[in-house]
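Requesting a structural model of the entry that follows:
(one chain, ligands or ions: 1)
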Amino acid sequence: MPSSRPLASAAPKRLTVEDLTAPMSGHCTCCEHMLAAVTVSGRPLCLTCAPAFALDEPGIDDVATLIWLPHLDQGALGRCVTALHVAAKAAGHTVYDQGLSGEALSAKRAFEALLSCRLGALEKIGTDRPSLYRSALKSLSRNPFPEAHETGLRILMRGKWFPDNPRRYLDAAQEWAVSR
Ligand SMILES: [Zn+2]
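Residues are numbered from 1 along each chain as shown. Predicted coordinates:
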């Protein structure tokens with residue numbers, strides 16, 4: 001089973017997103033749930049999980065946030081987050097909208113509970129911004145930190161894609177959900 005490592009440590013390689021050139025066929029190597037749509041350092045990933053690995057991508061702090069969630073690995077979190085964004089989108093909303101009801105409201109509440117785990121990241125490492133965590137790791141000549149998967153740090157996909165195409169995430173999640 002592929003490892004579910006959310007945050008690569010101080011690798012010299014720049015961790016950014018590249019679109020898959022071949023047609024989508026294989027599943028994400030992190031959540032093993034959605035189809036892979038991009039790669040980061042050659043690893044095929046879905047759009048929910050990619051931000052957990054693409055820590056050098058411009059705009060990462062708008063797309064994802066660090067949370068402290070030791071009881072779920074990154075892949076399980078990815079499956080949950082996909083379901084929440086899809087549930088809200090199916091009702092014509094996002095998890096940020098007000099006045100929701102039914103499944104969309106349940107999804108919003110569950111997402112907000114995950115988002116509140118930012119406080120744990122702030123408490124443990126002093127930031128909830130993936131970019132700051134990444135730059136701190138890169139500034140160390142020897143990395144004294146344990147690998148992130150050995151800690152409770154996870155990356156939560158906020159529900160929008162990077163600045164070149166912010167709607168890409170929700171559109172792709174809905175398309176994936178409808179096709180199942
Ligand atoms: Zn995934």
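
for the ion, what are the nearby residues on the protein?
28, 30, 31, 46, 48, 49, 78 (C-beta under 5 Å from the ion). Quick note: C-beta positions are derived from backbone N, CA and C, even for glycine.

Could you list the buried residues of the longest helix seen in the chain?
Counting residues, the longest helix in the chain under DSSP state H turns out to be helix 74-90. For helix 74-90, burial by neighbour count (16 or more other C-beta atoms under 10 Å) applies to 74-89.

Who are the packing partners of it?
When contacts are defined as 3 or more C-beta pairs under 8 Å, 6 or more residues apart in numbering; DSSP states H and E, helix 74-90 sits against helix 102-115, strand 153-157, helix 168-179.

Pull the residues that contact the first one.
Defining contact as C-beta atoms under 8 Å, 6 or more residues apart in numbering, one finds that helix 102-115 is touched by 65, 67, 69, 77, 80-81, 83-85, 87-88, 90-91, 93, 95-97, 100, 156, 159.

Compute the mean per-residue pLDDT across it, please.
Averaging pLDDT along helix 102-115 gives 97.

Now do that helix against strand 153-157, angle only.
Angle between the axes of helix 102-115 and strand 153-157 is 140 degrees (criterion: axes from the mean of the first three to the mean of the last three C-alpha atoms, to 10 degrees).

Which SSE is immediately downstream of helix 102-115?
helix 118-125 (DSSP states H and E).
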